[in-house]
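# this one's structure only:
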RNA sequence: GCGCUAGUAGCUCAAUUGGAUAGAGCGUUGGCCUCCGAAGCCAAAGGUUGUGGGUUCGACUCCCGCCUGGCGCACCA
């Protein structure tokens, strides 16, 4: 019962899960929570079903903000290898403050960007140091959260920087006009290009220059004045943008599939993605819609191996709100640091355990508190339909009652308790049939059989809350069974054995579902 | 203004994608520990699914209008 009777997918796919990583110059905050938890649950579930999953942490590590950070870093040059950025936010704020107030600092910061982009060793060295420290910080939090991202999964903006000019050039060539490429007219009659009169001759080109910026015009997108809305891939000053990097990343993941000598991150398996999933908040829905459409228009969405279109999905999610229904912030209006949030969860769980389990040693209690506190946060997030906003409430998620992480963990621990006792009493586990007579036994067995379809709906719709809902109902079915059907004290040996088997299977499904698929730790005792 | 999204019990959320009497938890009320972990179980009360039309044998779900909230809409990510 190691898989809960779930078969591997008939047609395994190569799927990229892009966790849409944090901006590396700042400390991680509550805004990164859903992306990490959701992306990881999806990656874990896809992998469990036998798909080849390529996890990607697409960190923001090459933006203009690095200019001032590098400039700031120059003053910490002594023993840089031993200096840690203990508080990235403070460091960032300090740099931003000086950038604002000190014109000379700002000028040097701008120069530092150029230095970085030209590979000047001094700037690159400081950049490496900042990135290294940030990476350490991220890894620490991912470890705490039980996120399966590793350093090898990290490809940020810097990874794609050398590919951006080529991407723009390719999109500017006639590439998109071949075959059944985009028409010059959108379906609603809107022109597919907004090329100024002087440049009208490039109308067959796919990407066009408008107001000095390289743009891709796609049918169906208009701005406030009903004029065609471009996807800008190169600014008028020559700089590249988020959309450029996303297109370059998609091109790399689907088509390119090879490294250059400069690339730092390894290519640990054959890419050529058949499915690409982004977990970012819903505000970016239009951005991804346009990027995907641009990719399709360029025919870059065709997998070179299968010749079939790649499944491109934006697993958008809503905001985390405070009790007042407004974005979750600290009392002083700052964004909540992820580190503080996790610490508070563990602390609160520890306080509850102090009441419930005064017999535990401090060390044991803390270990349980960690699993319970982190699990509570993750479950509270995953149990909600990702597309909607939800209200973050400590008391609700940690109440240990009702549809919460702790309740599911508790149910699992209770089963384990029975199994421990059974092993003590049973010398040899006899093979035998499961006999279903009591209504609670039948209900539990039926529930167990529904596991596979719950898992399936997670990857079909990218909705882990279906699995949460299922696991919660399974726990309810088990609890009813537990109340009404004695296991260890069953009337006869066959019934006892049968019920023990039901316990084993239920525990197996809970362990797989919670721990392996959702990334929520289970405990034999709590 | 245009687009996306949401509105379901006092509160927080579901509803297997159009199926039978709209389900849970919290809270409220009442039961169940000499019995495998009561962080549990059983039961009750609580609904004109924002609103007005339409399609359908059948609508929380699909279509149209309206109301309310959130978000987005040319060189940020």
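Yep, that arrived. Remember, it's a predicted structure, so these values are computed and weren't measured experimentally. Residues are numbered from 1 along each chain as shown, chains lettered A, B, ... in the order given.

# What is the burial count for residue A:162?
12 (other Cβ atoms under 10 Å). Placement of C-beta: from N, CA and C, glycine included.

# Any idea how many residues pack against the residue in the stretch 1-150 of chain A positioned nearest to RNA strand B?
Residue nearest to RNA strand B within the stretch 1-150 of chain A: residue A:60 (4.2 Å; Cβ to the nearest atom of the strand). If you count neighbours by other Cβ under 10 Å, residue A:60 ends up with 19.

# Got phi/psi on it?
Main-chain dihedrals, residue A:60, degrees, to the nearest 10: phi -90, psi 90.

# Bridged to it, which residues?
residue A:23 (DSSP bridges).

# Cross-check the contact I'm expecting between residue A:25 and residue A:135.
No - Residue A:25 is not in contact with residue A:135 according to Cβ atoms under 8 Å; the separation is 11.9 Å.

# Pull the contacting residues for residue A:389.
A:318-321 (Cβ atoms under 8 Å, 6 or more residues apart in numbering).

# do residue A:163 as well
A:248, A:251-252, A:256.

# same deal with residue A:37?
Applying Cβ under 8 Å, 6+ apart, one finds that residue A:37 lies in contact with A:145, A:147, A:377-378, A:381-382, A:519.

# which ones among the contacts of residue A:163 are found in strands?
Among the contacts of residue A:163, none falls in strands (DSSP state E).

# for the residues you listed, which one is nearest RNA strand B?
Set against RNA strand B, the nearest of the contacts of residue A:163 by Cβ to the nearest atom of the strand is residue A:248 (12.5 Å).

# Kindly tell me how buried the closest one is, as a neighbour count.
Neighbours of residue A:248 under the rule other Cβ under 10 Å: 25.

# Spell out which parts of the stretch 101-250 of chain A neighbour RNA strand B.
Proximity of the stretch 101-250 of chain A to RNA strand B (Cβ under 7 Å from any atom of the strand) is limited to residues A:157, A:194, A:210-213, A:215, A:222-224, A:226-230, A:232, A:235-237, A:239, A:241-242.

# Quick one, which of those residues are buried?
A:157, A:210, A:213, A:215, A:228-230, A:232, A:241 (16 or more other Cβ atoms under 10 Å).

# Secondary structure and pLDDT for those residues - can I get that in a markdown table?
Output for these, formatted as a markdown table (DSSP: H, G, I helix; E, B strand; the rest coil; pLDDT from 0 to 100):
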| residue | secondary structure | pLDDT |
| --- | --- | --- |
| A:157 | helix | 90 |
| A:210 | strand | 93 |
| A:213 | strand | 95 |
| A:215 | strand | 95 |
| A:228 | strand | 92 |
| A:229 | strand | 94 |
| A:230 | strand | 95 |
| A:232 | strand | 96 |
| A:241 | coil | 91 |
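
# which pair in these spans the largest distance?
For these, the farthest-apart pair by Cβ to Cβ is A:157 and A:228; their separation is 27.3 Å.

# Where does pLDDT dip in chain A?
Applying pLDDT under 70 to chain A flags residues A:1-2, A:77-86, A:174-205, A:424-431.

# ok, longest helix in it?
helix A:121-145 (DSSP state H).

# who's in contact with that one?
Helix A:121-145 is contacted by residues A:21-22, A:24-25, A:27-28, A:36-37, A:40, A:57, A:59, A:61, A:66, A:69-70, A:73-74, A:77, A:80-81, A:84-85, A:88, A:112, A:115-116, A:149, A:151, A:154, A:158, A:338-339, A:342, A:374, A:378, A:519 when judged by Cβ under 8 Å, 6+ apart.

# Report the buried members of those residues.
Using 16+ other Cβ under 10 Å, the buried ones in the contacts of helix A:121-145 are A:21-22, A:24-25, A:27-28, A:36-37, A:40, A:57, A:59, A:61, A:66, A:69-70, A:73, A:85, A:88, A:112, A:115-116, A:149, A:154, A:158, A:338-339, A:342, A:374, A:378, A:519.

# Next step: those restricted to strands.
Here DSSP E is the test, and the buried ones among the contacts of helix A:121-145 give no hits in strands at all.

# Among the residues you listed, which ones are in helices?
A:36-37, A:40, A:66, A:69-70, A:73, A:88, A:112, A:115-116, A:158, A:338-339, A:342, A:374, A:378.

# mind listing what residue A:153 touches?
A:54-57.

# Make CSV from these and add distance to RNA strand B to it.
Output for those, formatted as CSV (distance: Cβ to the nearest atom of the strand, whole Å):
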residue, distance to RNA strand B
A:54, 20
A:55, 19
A:56, 14
A:57, 13
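
# Of those residues, which is the nearest to residue A:285?
Closest to residue A:285, out of all of the contacts of residue A:153 and judged by Cβ to Cβ, is residue A:56, at 19.6 Å.

# The residue nearest to the closest one when sequence neighbours are not counted: how many residues sit nearby?
Spatially, and ignoring its direct neighbours in sequence, residue A:56 is nearest to residue A:18 (4.7 Å; Cβ to Cβ, 6 or more residues apart in numbering). Residue A:18 is flanked by 25 other residues according to other Cβ under 10 Å.

# Then residue A:463?
Neighbours of residue A:463 (other Cβ under 10 Å): 20.

# What of the one 3 residues further on?
When neighbours are defined as other Cβ under 10 Å, residue A:466 has 18 of them.

# show me what contacts the closest residue in space to residue A:207 that isn't next to it in sequence?
Distances taken as Cβ to Cβ, 6+ apart put residue A:171 closest to residue A:207, at 4.0 Å, once the chain neighbours are dropped. Residue A:171 makes contacts with A:206-207, A:214, A:216, A:233, A:247, A:294, A:298, as judged by Cβ under 8 Å, 6+ apart.
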